[in-house]
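A.B. asks: Quick one, what's the 3D model for this:
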Amino acid sequence: MAGMSKDHPGVAYFKQGSRSIGQVIEMLILLYEIYTPEDMVGMVEYL
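C.D. replies: You can find the predicted model right below:
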């Protein structure tokens, strides 16, 4: 797609209503523990 770039700090995505807020927080903490900020650049992580 024109104008689209993978130059972003990373995205964590989940479908609204698919997880409780507690589950989302636990998954975000896990991402934080596994990936460095450099690893996440341009990445989209589906929770």
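A.B. asks: In which helix or strand does the residue most central in space within the chain reside?
C.D. replies: In the chain, the C-alpha nearest the mean C-alpha coordinate belongs to residue 12, at 1.8 Å (Cα atoms, centre = their mean). Assigned by DSSP states H and E, residue 12 belongs to strand 11-13.
A.B. asks: For this structure, just list every one of the strands.
C.D. replies: For the chain, the strands defined by DSSP state E occupy 11-13, 44-46.
A.B. asks: Need the ones you listed in JSON lines (columns: mean pLDDT).
C.D. replies: Shown next, in JSON lines, are those (pLDDT from 0 to 100):
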{"stretch": "strand 11-13", "mean pLDDT": "92"}
{"stretch": "strand 44-46", "mean pLDDT": "93"}
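A.B. asks: Export the ones you listed to CSV and append columns for distance to residue 21.
C.D. replies: Glycine gets a C-beta too; all of them are placed from N, C-alpha and C. Listed next are those as CSV, based on distance: least, Cβ to Cβ, whole Å:
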stretch, distance to residue 21
strand 11-13, 13
strand 44-46, 17
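A.B. asks: before we move on, the earlier item: and the nearest residue to the residue nearest to the centre of the chain once chain neighbours are set aside, how close does it get to residue 31?
C.D. replies: Counting by Cβ to Cβ, 6 or more residues apart in numbering, residue 12 lies nearest to residue 45, which is 4.9 Å off, once chain neighbours are set aside. Residue 45 is 6 Å from residue 31, where distance means Cβ to Cβ, to the nearest Å.
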